[in-house]
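Student: Fold the following.
(one chain, ligands or ions: 2)
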Amino acid sequence: MSIDLSKFPDNYVNCYKYLYDKLPNELKSVKMAIVCGSGLNNLADKIKNTVTFDYKDIPGFAVSTVAGHRGKLVFGILANSPVVCMVGRFHFYEGHSAQKVSFPIRIFRMFGAKVLVLTNAAGGLNPNYNTGDLVIIRDHVSFLNFTGSNPLIGQNESIFGERFPPMLNVYNHHLRYLFTQAAAQCNYTNLKEGTYICLSGPSYETPAEARFFSTIGDVVGMSTAPEATVGNHCGMQVIGISLVTNMVNQKPTLSSFKSPEEIAAQNYEAPTISHAEVIEVGNQKAKILEGIVEKFTEILEQNNFE
Ligand SMILES: O=P(O)(O)O[C@@H]1C[C@H](O)[C@@H](CO)O1
Ligand SMILES: Nc1nc2[nH]cnc2c(=O)[nH]1
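Tutor: Ligands and ions are numbered 1, 2, ... in the order given. Here you go, the predicted model:
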């Protein structure tokens, strides 16, 4: 075993040992960890020589309760590189603490992962975006962190990182650049870059909230920031990719001064959004993202990225 387990808290050690003992030597250490967002399970399909665990069997892991999140942890080889992939994640709105949601990230760090690839399905706020676009996250605004649900609250586990970590370079610039290279090599031309707004969910935004969020960010979702916060704390190089699964309605709700007849005359159709739609777009675009993530891993290997 390459790390001194006596230095780590028991819950991390139990989880690490459970996984470590079941892995072949070539997967006992990984370079990269990937988290699949809603509908993006297929990202794991390119991983070879896999060893798969059910979340329900892994000590310290929560279980996935959300449609579009398979609940499997996959170790294997992607583009000649040992990786671990969360096929489905945990969300704060499922009733888990921010600490529980981000628990796996520290386990991945214990396995040696320096690069953390976070993917998610998100609603588009920026009017220049379209459904189906991929957005490299440049930065985030986390309403979870603002409202007392920062995953680093509680005793600081100094083996992982410092008490007051800076958050000035969470989404690594070099990785973002290499991801643009990977996308270009896959002939993907709709790549955007923007700020991700993290909300607790599970309700989607009201139009007034969406107008407010559009003044501070480009996409809005219900994950990623806790994982990025913890990854940054334990010294990982983080990259986040949002898939715009829907554009968020920002039109004001109907005024009560308008009669039903006036509204009907405008052929007004009430806007709506559903998780089924989010998953469907995720499934449609997962193949493209899968190819880019594989190419990205290849480019990291070529650049000896550590
Ligand atoms: O896990 P992600 O962030 O991809 O999932 C998004 C946010 C909610 O979990 C869900 C809403 O449809 O999709
Ligand atoms: N908050 C939020 N999360 C999403 N995840 C996917 N689409 C959306 C959305 O429109 N809003």
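Student: Distance-wise, check the residue in the chain that ligand 1 sits nearest to relative to Phe90.
Tutor: With C-beta to the nearest ligand atom, the shortest gap between the chain and ligand 1 falls at Gly37, namely 2.7 Å. All C-beta atoms are positioned from the backbone trio N, CA, C, and that covers glycine. Counting by C-beta to C-beta, to the nearest Å, the gap from Gly37 to Phe90 is 12 Å.
Student: list residues touching both of the two?
Tutor: Counting by C-beta atoms under 8 Å, 6 or more residues apart in numbering, Gly37 and Phe90 have no common neighbour.
Student: related to what we said a few turns ago, my read: the residue of the chain closest to ligand 1 touches Val281, true?
Tutor: No: look at Gly37 against Val281 with C-beta atoms under 8 Å: they stay out of range, at 11.1 Å.
Student: Among these two, which residue is more densely surrounded?
Tutor: Neighbour comparison, Gly37 and Val281: the larger count goes to Gly37, with 30 against 18 (by other C-beta atoms under 10 Å).
Student: tell me which element that one falls in.
Tutor: Assessed by DSSP states H and E, Gly37 sits outside every helix and strand.
Student: could you list every residue that touches it?
Tutor: Applying C-beta under 8 Å, 6+ apart, the residues near Gly37 are Arg89, Leu118, Thr119, Asn120, Ala121, Ser223, Thr224, Ser242, Leu243, Gly282.
Student: count of neighbours near the residue in the chain that ligand 2 sits nearest to?
Tutor: Nearest to ligand 2 in the chain, going by C-beta to the nearest ligand atom, is Gly123, at a distance of 2.2 Å. Applying other C-beta under 10 Å, we find 25 residues neighbouring Gly123.
Student: doesn't it fall inside a strand?
Tutor: Yes: Gly123: assigned to a strand according to DSSP: H, G, I helix; E, B strand; the rest coil.
Student: Please report how far the closest residue to it other than its chain neighbours lies from Gly194.
Tutor: Distance criterion C-beta to C-beta, 6 or more residues apart in numbering; nearest residue to Gly123, sequence neighbours excluded, is Val248 at 4.0 Å. Distance, Val248 to Gly194, by C-beta to C-beta: 13 Å.
Student: what does Asn25 give?
Tutor: 41 Å.
Student: The two: who's more crowded?
Tutor: Each of Asn25 and Gly194 has its neighbours counted (other C-beta under 10 Å); Gly194 has more, 22 against 6.
Student: if I read this right, the more buried one contacts Gly217, doesn't it?
Tutor: Yes: taking C-beta under 8 Å as the definition, Gly194 is a contact partner of Gly217 at 7.0 Å.
Student: Out of the contacts of Gly37, which comes closest to Asn172?
Tutor: Nearest to Asn172, judged by C-beta to C-beta, of the contacts of Gly37 is Leu118 at 11.6 Å.
Student: what pLDDT does the closest one get?
Tutor: At Leu118, the model reports a pLDDT of 98.
Student: Just say helix, strand or coil for it.
Tutor: Put simply, Leu118 is strand when judged by three-state DSSP.
Student: Ignoring the adjacent residues along the chain, who's closest to it?
Tutor: The nearest residue in space to Leu118 (C-beta to C-beta, 6+ apart) is Gly240, at 4.4 Å.
Student: is it true that the one you found lies in a helix?
Tutor: No: counting by three-state DSSP, one finds Gly240 to be strand, located in no helix.
Student: which residues touch Pro249?
Tutor: Actually, residue 249 is Asn rather than Pro. So Asn249 contacts Pro207, Ala210, Pro271, Ile273 (C-beta under 8 Å, 6+ apart).
Student: where's it, which helix or strand?
Tutor: Asn249 belongs to no helix or strand, assigned by DSSP H and E.
Student: got it, and Asn128?
Tutor: Taking DSSP H and E as the definition, Asn128 sits outside all helices and strands.
Student: Tell me, how many residues neighbour it?
Tutor: With other C-beta under 10 Å as criterion, Asn128 counts 9.
Student: what residues are up against it?
Tutor: Contact analysis of Asn128 by C-beta under 8 Å, 6+ apart lists Lys192.
Student: For it, give me the pLDDT.
Tutor: For Asn128, pLDDT reads 98.
Student: Check the spacing between Ala208 and Thr189 real quick.
Tutor: 34 Å.
Student: Thanks again, I'm all set now.
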